[in-house]
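> sequence plus the predicted model coming up.
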Amino acid sequence: MNVLFQNRMLVFLLPAITLVMLSVFSVIWKQAAPVVLWTDALILLLVIGISVFAGVASQKAHLRDPWRQVARSRMGMVALVVLLLYVVIGLLDSIHFRSKLADVNDSGQVNYSAEVLSLMDIVMFSLRTQQEKTYSSPFATHLYSKETVERDDGTKQRLYPRLVYGGAHLVNPEQDRFNDIFTRVVKGIFIGIIFWLLLLAMFCLVLTRSRNQPYGAVFSNLIKGRSELPWRSVWATVGLFCVLVGLIAALGDKYHILGTDKVGQDVLYQSIKSIRTGLVIGTLTTLIMLPFAILLGITAGYFKGWIDDLVQYLYTTLNSIPGILLIAAAVLMMQVYIANHPDMFETELQRTDVKLFFLCVILGITSWTGLCRMLRGETLKLREVDYVQSALAFGVPAWKVLIRHIQPNIMHIVLIAVVLDFSGLVLAEAVLSYLGIGVDPTMHSWGNMINSARLEMAREPIVWWSLLAAFVFMFILVLAANVFSDAVRDAFDPRIRKR
């Protein structure tokens with residue numbers, strides 16, 4: 001795997017991809033004004049931190065070897081592909097800008113739209129703009145409920161009105177819809193397979209250059225699963241996603257694949273936009289939680305005495321307060337502050353993003369106690385080992401002992417806890433939004449979709465697709481995170497590695 005990333009071809013390929021991305025961004029910025037939200041800045045900081053950690057881990061054997069074991073896990077790599085797809089969508093949805101308006105004022109100053117968009121909004125332009133009047137079921141051509149329509153002769157009739165966008169290209173929907181959907185499904189599958197084969201051919205070409213093997217042998221070994229890493233499972237998962245993207249591209253322009261909600265907005269668009277909210281809650285909360293847990297846990301276990309008593313009193317007191325009540329009180333106070341200072345935010349998205357940011361802060365402050373307790377116990381054990389006692393006997397300062405001897409030996413616990421807590425935090429957002437103390441109701445999130453579905457499930461006829469879409473998207477993310485966390489735990493846990 002190291003050979004793959006160190007070969008000469010990738011040395012030229014990576015800068016070329018970077019230049020292409022910078023060129024695309026420069027074209028966008030010439031026609032728009034960039035908008036950096038609080039969560040966007042933290043996401044950028046998180047990406048930089050992960051890149052630095054990857055560079056450090058590649059140079060240290062005790063971190064590099066467990067990750068190699070993770071890479072050999074078939075289920076772990078499949079889960080990683082799923083997580084990477086969600087991450088790519090979240091990153092595209094974290095690059096925000098305001099479009100330039102055509103009119104220019106008398107002073108020559110360029111005006112920008114009040115609506116803040118993201119790159120993902122541009123990719124899903126048709127899903128975002130094709131808004132109906134109200135509910136419509138998946139692949140429907142008419143509204144879900146009857147309305148009174150006045151005919152040309154002045155008479156009124158109760159019927160299901162045609163949708164403005166869904167199936168609008170069909171002259172006779174009752175007869176032509178099935179054949180049209182079938183044709184587009186076949187077209188989407190074909191496009192997805194072609195795109196997947198192109199990616200697979202490029203990947204095999206890279207392996208051919210790096211391993212100095214014939215192209216046919218590399219391709220045959222990958223298809224038959226004879227490689228060291230489970231590339232066949234990885235590329236089967238990539239192929240599945242390519243087909244899904246092809247189906248969305250072929251059907252999304254003409255149909256609402258997952259139906260529409262109460263205000264006629266596409267449910268598929270809502271589900272995809274909710275990915276960023278789930279990732280922000282799961283990752284930024286962890287980023288906020290780690291400094292508290294690591295700093296207090298290590299200092300309490302190493303210095304003991306009154307410092308240990310103070311830290312224990314702090315997290316014991318915090319644990320004694322019901323978490324939901326503490327989060328609800330903090331969120332309500334924050335909502336009052338935002339409502340009393342509307343002039344602080346130029347756009348509606350900035351206001352909702354600040355609320356999301358403070359929700360991450362509140363969850364981070366209230367969720368560090370469990371990891372802190374584990375790190376304290378591990379530090380108490382490490383403090384008594386021979387190499388730490390030898391360092392103290394030679395007069396090594398305490399801060400050097402903490403950085404060089406204690407901190408590297410607890411990172412496996414930190415990493416395992418971070419990966420395991422991610423799925424719990426994603427589910428926490430859904431629960432909090434369902435209770436009305438989560439993200440802003442105007443922000444796309446799976447919790448808000450489930451909260452809205454609470455009333456939709458009581459309708460007659462029942463509206464089921466919003467709840468199902470939120471459940472499926474959240475289930476796939478949480479399942480992939482749990483499977484990947486199992487692979488990370490098996491690789492980094494010393495007891496499992498010994499067995």
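Sure thing, it's come through.

> quick one: pLDDT of Cys372?
For Cys372, the model assigns a pLDDT of 88.

> sorry, that was for Met120
88.

> ok, it to Arg128 distance?
To Arg128, Met120 is 9 Å away according to Cβ to Cβ, to the nearest Å. (C-beta placed from N, C-alpha, C; glycine too.)

> one more: Val186?
Following Cβ to Cβ, the distance that separates Val186 from Arg128 is 26 Å.

> Ser274 now?
Using Cβ to Cβ, Ser274 is found at 14 Å from Arg128.

> so for the two, which sits in the more crowded spot?
Ser274 (26 against 16; other Cβ atoms under 10 Å).

> ok, residues contacting the helix or strand encompassing Ala329?
Using DSSP states H and E, Ala329 sits in helix 323-340. The contact list for helix 323-340 (Cβ atoms under 8 Å, 6 or more residues apart in numbering) reads 344-345, 351, 354-355, 358-359, 362-363, 366, 432, 435, 437-438.

> helix or strand with the lowest mean pLDDT in the protein?
Here the helix or strand of the chain ranked lowest by mean pLDDT, DSSP states H and E is helix 2-6, holding a mean of 39.

> now the residue most central in space within the chain, nearest residue through space, not along the chain?
The chain has Leu279 as the residue nearest its centroid, 3.4 Å off, counting by Cα atoms, centre = their mean. Of all residues beyond its chain neighbours, the one nearest Leu279 is Gly90 (4.2 Å), with distances taken as Cβ to Cβ, 6 or more residues apart in numbering.

> ok, the one you found touching Ile272?
No: judged on Cβ atoms under 8 Å, Gly90 makes no contact with Ile272 at a distance of 10.0 Å.

> of these two, who's got more company?
Ile272 (23 against 19).

> list the buried residues of the helix or strand where that one lies.
Using DSSP H and E, Ile272 sits in helix 267-303. Neighbour-count burial for helix 267-303 flags 267-290, 292-294, 296-302 (criterion: 16 or more other Cβ atoms under 10 Å).

> cool, stretch 121-133 as well?
For stretch 121-133, a neighbour-count test (16+ other Cβ under 10 Å) marks 121, 124, 127-128, 130-132 as buried.

> quick one: whichever helix or strand Leu46 is part of to chain centroid distance?
Assigned by DSSP H and E, Leu46 belongs to helix 38-59. In terms of Cα atoms, centre = their mean, to the nearest Å, the centre of helix 38-59 is found 15 Å from the chain centre.

> using PDB, list the CA coordinates for it.
The C-alpha coordinates for helix 38-59 follow below in PDB (Å, rounded to 0.1, in the frame of the first residue of the first chain):
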ATOM      1  CA  TRP A  38     -18.500  28.500  11.800                       C
ATOM      2  CA  THR A  39     -19.000  24.800  11.100                       C
ATOM      3  CA  ASP A  40     -17.200  25.100   7.700                       C
ATOM      4  CA  ALA A  41     -14.100  26.500   9.500                       C
ATOM      5  CA  LEU A  42     -14.200  23.700  12.100                       C
ATOM      6  CA  ILE A  43     -14.600  21.100   9.300                       C
ATOM      7  CA  LEU A  44     -11.500  22.500   7.600                       C
ATOM      8  CA  LEU A  45      -9.600  22.400  10.800                       C
ATOM      9  CA  LEU A  46     -10.700  18.800  11.300                       C
ATOM     10  CA  VAL A  47      -9.600  17.800   7.800                       C
ATOM     11  CA  ILE A  48      -6.100  19.400   8.400                       C
ATOM     12  CA  GLY A  49      -5.900  17.600  11.700                       C
ATOM     13  CA  ILE A  50      -6.700  14.200  10.100                       C
ATOM     14  CA  SER A  51      -4.100  14.900   7.400                       C
ATOM     15  CA  VAL A  52      -1.500  15.700  10.000                       C
ATOM     16  CA  PHE A  53      -2.400  12.500  12.000                       C
ATOM     17  CA  ALA A  54      -2.200  10.400   8.800                       C
ATOM     18  CA  GLY A  55       1.300  11.800   8.100                       C
ATOM     19  CA  VAL A  56       2.500  11.100  11.600                       C
ATOM     20  CA  ALA A  57       0.900   7.600  11.700                       C
ATOM     21  CA  SER A  58       2.700   6.700   8.400                       C
ATOM     22  CA  GLN A  59       6.000   7.400  10.100                       C
END
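
> elements contacting that helix?
helix 61-72, helix 74-92, helix 267-303, helix 348-366 (3 or more Cβ pairs under 8 Å, 6 or more residues apart in numbering; DSSP states H and E).

> residues contacting the second one, please?
With contacts defined as Cβ under 8 Å, 6+ apart, helix 74-92 is touched by 43, 47, 70-71, 118-120, 123, 229-230, 233-234, 237-238, 241, 272, 275-276, 278-280, 476-477, 479-481, 483-484, 486-488.

> flag every buried residue along that helix.
Of the residues in helix 74-92, those buried (16+ other Cβ under 10 Å) are 76-83, 85-87, 89-92.

> with stretch 227-236 instead?
Neighbour-count burial for stretch 227-236 [16+ other Cβ under 10 Å]: 229-235.

> for it, measure first residue to last.
14 Å (Cα to Cα, to the nearest Å).

> and it, how far out from the chain's middle?
Here the centre of stretch 227-236 is set off from its chain's centre by 24 Å, with Cα atoms, centre = their mean.

> now do stretch 450-458
Mean-position distance between stretch 450-458 and its chain equals 24 Å (Cα atoms, centre = their mean).

> who's in contact with it?
So stretch 450-458 is contacted by 261-262, 430, 433-434, 436, 441, 462-464, 466-467, 470-471 (Cβ under 8 Å, 6+ apart).

> for stretch 284-294, same thing?
Stretch 284-294 is contacted from outside by 39, 42-43, 45-46, 49, 357, 360-361, 363-365, 367-369, 371-372, 375, 407, 410, 414, 418, 421-422, 425, using Cβ under 8 Å, 6+ apart.

> go through the contacts of stretch 450-458 and flag which are in helices.
430, 433-434, 466-467, 470-471 (DSSP state H).

> quick one: which of the residues you listed is nearest to Arg158?
Closest approach between these and Arg158, by Cβ to Cβ: Ser466, at 25.0 Å.

> quick one, what contacts the closest one?
Contacts of Ser466 by Cβ under 8 Å, 6+ apart are 259, 261, 267, 270, 449, 452-453, 456.

> where does pLDDT dip in the stretch 351-499 of the chain?
493-499 (pLDDT under 70).

> helices along that one, start to end?
Taking DSSP state H, counting those that start in this stretch, the helices of the stretch 351-499 of the chain run over residues 369-382, 386-393, 398-401, 411-435, 446-456, 465-492, 494-498.

> please parse this protein into its domains.
Structural domains of the chain, as assigned by automatic domain parsing, span the residue ranges 132-251, 267-498.

> pull out the buried residues from the helix ranked longest in the chain.
Criterion DSSP H: the longest helix present in the chain is helix 173-211. In terms of neighbour count (16+ other Cβ under 10 Å), helix 173-211 has its buried residues at 173, 177, 180-181, 184, 188-189, 191-192, 195-196, 200, 203-204, 206-210.

> for stretch 440-455, same thing?
440, 443-453.

> and stretch 150-169, by the same measure?
For stretch 150-169, the neighbour count (16+ other Cβ under 10 Å) marks 161, 163, 165-167 as buried.

> one more: stretch 478-498?
478, 480-481, 483-492.

> swap in stretch 42-57?
Residues of stretch 42-57 classed as buried by neighbour count (16+ other Cβ under 10 Å): 42-43, 46, 57.

> show residues contacting that stretch.
Contact with stretch 42-57 is made by 63-64, 67, 90-91, 94, 280, 283-284, 287, 357, 360, as judged by Cβ under 8 Å, 6+ apart.
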